[in-house]
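structure for the following, please:
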Amino acid sequence: MSSFFRSVSDSDDSSSDEEEALSDSGSDSGLEGKVTKPSGGSALSKAKKGAADSDDSDSDDDSDDDDSDDDSDADSDAPKKSDAPKKSRFLRGPGGDSDDSDDSDDERTKVVKSAKSKRIEEVEASVKAIDNAGKINDWSAISNEFDKLVRLVSRQTNVAEAIPTGFIKVLAQLDTTLASAQGAKKKMNALNAKALNSMKQKLKKVQRDHEEALTKYKADPEAFEKAAAAEDAPVAAPKKKKASASASAAAAEAEDDEFQTVGVKGKTITISSEGIYKALAQVLEARGRKNTDRAEQTKILEKLLQVANSTYQRIRVLLALISALLDFNPAANTYMPIDAWTAARTYLDALLDEMAKDREFVVREDAPDYDDQVERAASAEEPIVVVRGSIASLVDRLDDEFTKSLQNIDPHTGEYIERLKDEKLIYGTIVKTQLYFERNKLAENVDRSVMRRLEHIYSKPDVVTQSLEASLPAIASESSIWATNAASTSSTADSIAIVRALCVHLYKTDASLLRTRAMLCHIYHYALHDNYYTARDMLLMSHLQDTVGGADVGTQIMYNRTVVQVGLCAFRLGLIRESQSTLQEIFATQRVKELLAQGVQAQRYSALTPEQEKLERQRQLPFHMHINLELLECAYLVSSMLLEVPLMAQAGNDPELKKKVISRTFRRQLDYANRQVFTGPPENKRDHVMQATKALQAGDWQTCVELIHSIKIWNLMPNEKALKEMLAKKIQEEGLRTYLFTYAPFYKTLSLSYLASTFSLPLSTATSLVSKMIWNEELSASLDIGGVVVLQTTELSPLQRMAISLAEKASAMADTSERYLDSKVSQGEQRADGARTERGAERGEGGRERRGGGGRGRGSTRGRGAAGKFNNTLGRTVAATS
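Below you'll find the predicted structure:
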């Protein structure tokens with residue numbers, strides 16, 4: 001027997017217990033097999049002796065392990081085991097020997113888990129890891145764990161298991177975490193920021209795959225979790241439990257029939273028509289408190305609406321119900337859930353319809369005090385029952401939430417289109433509200449609702465406006481501002497008349513902000529329909545450019561949009577100079593995106609705080625209201641090209657004309673294009689315009705026209721063909737002007753017919769252009785009767801050029817001397833009053849005292865020479881000026 005087994009047999013019970021645990025844990029490592037092979041017989045004899053004793057539990061384990069090691073050892077030891085047959089550990093019952101008690105204890109601690117349970121635990125572990133990483137803003141860890149979680153869920157889907165609730169919960173929570181992390185993105189390191197961006201894309205993709213489940217969870221998280229728990233519950237259950245479950249369901253139905261709900265702190269809310277005011281007061285009392293279940297409040301109010309049997313009761317409950325639906329957590333959702341928004345709008349329509357049927361009830365903000373626990377009805381003393389509330393605020397909130405949802409939904413998905421279809425519904429609600437205010441003569445609220453209505457249609461094409469108007473109910477024809485008739489909204493004139501009627505009403509209001517916004521909407525609508533001169537006159541006569549600086553940010557954004565639309569209108573009509581001067585105001589700032597509220601442009605030296613950046617993003621317009629920035633830039637660059645190319649040709653070598661610049665932005669881009677060593681084919685809109693500019697400077701107007709026409713962005717214009725014809729004509733005319741400016745010094749006479757044929761222009765157009773240049777003194781020439789242009793060369797002689805150069809240099813020197821003299825005069829005044837002069841005088845007096853009165857004879861005469869006279873003259877000049 002080896003020393004190892006001897007030490008084992010001599011050990012006490014505690015050591016045997018420890019070794020038993022070791023042998024159980026290490027059974028897979030093959031330790032027993034290696035030890036028992038050389039002395040298998042002795043070990044078995046010890047096992048027989050130890051079977052009778054309760055103290056030697058370690059020998060039992062050894063013998064059992066030897067039995068379970070392999071079949072060959074068991075066959076060889078079978079005759080030796082026949083005296084005392086032993087049961088396997090796995091076949092022993094709980095009431096066995098005392099040496100088996102330790103084994104049973106160990107077996108009780110072991111939990112056998114199914115593969116499904118293990119998968120669920122892995123999912124829960126990943127969800128917890130994502131939550132922990134989100135708390136410390138570690139997006140690299142979140143991205144890795146999210147990838148792992150997606151793989152685990154896909155594995156569960158492959159084995160026909162339900163998607164875990166924790167996964168849907170993580171998808172909903174990561175939206176909020178991403179939104180809050182965007183503000184601190186600048187403080188992140190590069191790897192974390194990169195992980196944040198990739199996580200944003202991955203989350204959108206996964207949310208799109210589980211859109212239906214995610215929508216259900218956001219609508220009611222508790223109901224979703226309960227439904228998921230019910231699905232995961234085992235199907236088979238004892239009959240008694242089934243009976244109890246059915247009994248509880250019957251009891252619940254009985255409770256529902258009795259309309260009793262337990263409210264806050266265990267208070268019972270009785271839902272009946274008699275106690276409706278008391279129940280309503282309890283719900284309103286709990287509103288806004290911490291840990292208030294908003295979903296439960298909404299259900300209670302819906303039940304109250306069902307039992308309400310009078311107009312007053314329904315109005316009170318509807319007001320409370322709409323307000324409860326508008327309460328949502330802005331930290332969890334950037335915009336109001338669409339289901340809640342739809343329900344709130346439906347209930348608001350029901351409220352307006354209720355008051356339209358029974359016009360004895362009015363909802364106003366300035367209602368007198370009344371007892372809200374008593375039923376009210378119209379009487380001789382109170383013919384109109386005034387209920388406290390604000391319809392205008394509810395409509396404004398619904399409209400703002402609609403806009404906010406469009407700001408946050410990805411515009412390149414079908415969800416955005418589906419959400420945009422709801423504009424008809426909110427537009428109808430706004431018109432109903434306007435009619436309600438008109439009927440009750442609430443002038444201030446009428447103006448607010450008319451402004452809301454105008455903002456929905458002023459920037460829309462005629463087809464969309466007609467569709468919105470056609471969807472209105474028949475009651476819209478009762479309006480005194482604009483009586484909508486679905487049969488008449490079928491022409492462009494009607495859409496212009498609608499906008500004009502709404503704007504004229506707002507011009508009469510006392511609110512200056514509404515008047516300003518109405519004017520901008522009116523101008524924008526005229527520019528959209530190519531009424532340039534009317535829009536320009538209204539913009540100049542209103543003097544908005546002088547006062548818009550003091551307006552709010554939203555009004556300034558609307559002003560910028562209006563100015564840009566006026567510039568595009570001028571471009572469509574061929575008014576190139578007017579278009580360029582209008583668009584120059586916006587493009588000179590190089591912040592077109594921010595000024596039009598169509599995006600936040602990254603600035604190199606930006607000092608925006610996260611709060612300011614958040615406000616900037618909240619001001620962004622929905623995607624369907626954007627003005628195409630590429631189209632805008634193309635219109636501006638083409639207009640600048642048609643004005644700058646003739647100007648640069650006219651300047652030639654004249655330094656004064658070279659200083660004249662129409663568009664610095666265009667000149668900068670052209671200089672950059674000229675510095676390029678290799679010029680390849682144009683890749684974007686800017687390259688097309690720059691290469692067209694070079695071709696026009698060289699007189700190749702055909703290439704210029706081809707390059708401008710090849711820009712595909714022109715198909716966004718209403719009349720693409722007419723626009724391209726207009727641009728080709730303008731390029732031909734400016735090409736003729738550029739040719740005359742460039743080559744006039746080299747000709748004495750030019751034939752008008754030759755010019756007209758060279759640039760494919762009618763002879764009358766060419767004659768008109770040359771005559772206009774002569775009249776404006778841009779070209780030194782005269783027209784002969786035979787259709788010839790006689791050019792009068794005014795080339796300067798070398799002496800004249802040198803004289804002009806000398807005059808310019810002398811003028812520059814004079815300017816420099818004047819500036820130097822001004823600086824010396826200002827310094828002299830400071831020295832006359834300062835301590836420096838006094839110290840100089842003291843130093844001078846001290847010198848005379850030390851050197852004596854006659855010691856400075858010649859020196860003093862030298863010091864008072866020409867410089868002294870200059871200083872005396874300067875001093876007299878200063879004295880005279882002072």
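
the residue nearest to residue 528 when sequence neighbours are not counted: helix or strand, and which one exactly?
Spatial nearest neighbour of residue 528, excluding adjacent residues (Cβ to Cβ, 6 or more residues apart in numbering): residue 565 at 6.2 Å. The C-beta positions use only the backbone N, C-alpha and C, and glycine is treated the same way. According to DSSP states H and E, residue 565 maps onto helix 553-572.

after that helix, which helix or strand is next?
Immediately after helix 553-572, counting by DSSP H and E, sits helix 576-587.

tell me which strands and helices that following helix is in contact with?
When contacts are defined as 3 or more Cβ pairs under 8 Å, 6 or more residues apart in numbering; DSSP states H and E, helix 576-587 packs onto helix 553-572, helix 629-651.

so what does the shortest one touch, helix or strand wise?
Going back to what we said before, that points to helix 553-572. helix 512-528, helix 532-542, helix 576-587, helix 629-651.

residue 678 is nearest to which of these?
helix 629-651 (22.0 Å; Cβ to Cβ).

next up, the contacts around the residue nearest to residue 528.
Residue 565 makes contact with 524, 527-528, 627 under the criterion Cβ atoms under 8 Å, 6 or more residues apart in numbering.

same question, residue 348
For residue 348, the contacting residues are 318, 322, 391, 394-395, 398, 429, by Cβ under 8 Å, 6+ apart.

just the buried subset of these, please.
By neighbour count, with 16 or more other Cβ atoms under 10 Å, the contacts of residue 348 hold 318, 322, 391, 394-395, 398, 429 as buried.

ok, and what's touching stretch 613-621?
Around stretch 613-621, the neighbours that count as contacts under Cβ under 8 Å, 6+ apart are 183, 404, 407, 553-554, 557, 594, 596-600, 608.

in helices only, show me the residues you listed.
By the criterion of DSSP state H, membership of these in helices covers 183, 404, 407, 553-554, 557, 594.

in CSV: these, plus distance to residue 724, pLDDT and neighbour count.
As requested, these are exported to CSV (distance: Cβ to Cβ, whole Å; pLDDT from 0 to 100; neighbours: other Cβ atoms under 10 Å):
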residue, distance to residue 724, pLDDT, neighbour count
183, 46, 71, 14
404, 40, 91, 18
407, 35, 90, 17
553, 38, 90, 11
554, 37, 90, 12
557, 32, 93, 20
594, 32, 87, 18
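
now tabulate those in JSON lines and tack on distance to residue 814.
Converted to JSON lines, the ones in helices among the contacts of stretch 613-621 look like this (distance: Cβ to Cβ, whole Å):
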{"residue": "183", "distance to residue 814": "57"}
{"residue": "404", "distance to residue 814": "63"}
{"residue": "407", "distance to residue 814": "60"}
{"residue": "553", "distance to residue 814": "48"}
{"residue": "554", "distance to residue 814": "52"}
{"residue": "557", "distance to residue 814": "48"}
{"residue": "594", "distance to residue 814": "45"}
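
with respect to residue 379, which of these is nearest?
Comparing those against residue 379 with Cβ to Cβ picks out residue 404 as the nearest, at 43.3 Å.

the closest one contacts residue 337, doesn't it?
No - the criterion here is Cβ atoms under 8 Å, and residue 404 misses it with residue 337 at 11.7 Å.

find residues that contact each of these two.
Common neighbours of residue 404 and residue 337, counting by Cβ under 8 Å, 6+ apart, are absent.

which residues touch the closest residue in space to residue 578 that isn't next to it in sequence?
Excluding the flanking residues, the one nearest residue 578 by Cβ to Cβ, 6+ apart is residue 570, at 4.3 Å. Counting by Cβ under 8 Å, 6+ apart, residue 570 touches 532, 576, 578-579, 582.

again, only this time at 7 Å
Going by Cβ atoms under 7 Å, 6 or more residues apart in numbering, residue 570 touches 532, 578-579, 582.

per-residue pLDDT of it, please?
Per-residue confidence (pLDDT) for residue 570: 94.

now do residue 759
We have a pLDDT of 89 for residue 759.

my read is that it contacts residue 730, right?
No - contact criterion Cβ atoms under 7 Å: residue 759 and residue 730 do not qualify, at 11.7 Å.

coming back round to it: of the contacts of residue 565, which is the most crowded?
Within the contacts of residue 565, most neighbours by other Cβ atoms under 10 Å means residue 527, with 27 neighbours.

wait, doesn't it sit right on residue 569?
Yes - when contacts are counted by Cβ under 7 Å, residue 527 is listed as touching residue 569 (4.1 Å).

what separation do you get for the nearest residue to residue 658 once chain neighbours are set aside and residue 671?
Once flanking residues are discounted, residue 658 sits nearest to residue 651: 4.7 Å by Cβ to Cβ, 6+ apart. As judged by Cβ to Cβ, to the nearest Å, residue 651 and residue 671 stand 15 Å apart.

looking at these two, which one has more neighbours?
residue 651 (16 against 9).

measure the more buried one to residue 131 for me?
Residue 651 is 68 Å from residue 131, by Cβ to Cβ.

then residue 572?
Separation of residue 572 from residue 131 (Cβ to Cβ): 55 Å.

for burial, what's the neighbour tally of residue 470?
Neighbours of residue 470 (other Cβ under 10 Å): 15.

tell me the pLDDT of it.
You'll see residue 470 listed with a pLDDT of 88.

and for residue 86?
Note on residue 86: pLDDT of 49.

over to residue 581?
At residue 581, the model reports a pLDDT of 93.

next: residue 28.
43.

cool, and the one 5 residues further on?
According to the predicted model, the pLDDT of residue 33 comes to 37.

same question for residue 285.
pLDDT, read off for residue 285, is 84.

how many neighbours does it have?
Around residue 285 there are 13 residues (other Cβ under 10 Å).

ok, it to residue 759 distance?
83 Å.

isn't residue 691 right up against residue 707?
Yes - contact status for residue 691 versus residue 707: in contact at 5.6 Å, counting by Cβ under 7 Å.

quick one, what contacts residue 318?
So residue 318 contacts 305, 347, 350-351 (Cβ under 7 Å, 6+ apart).

that one: which element?
Residue 318 belongs to helix 311-326, assigned by DSSP H and E.

centre-most residue in this structure?
With distances taken as Cα atoms, centre = their mean, the residue of the chain nearest its centroid is residue 617 (5.0 Å).

average model confidence for the helix or strand where that residue lies?
Using DSSP H and E, residue 617 falls within helix 610-618. The average pLDDT for helix 610-618 rounds to 79.
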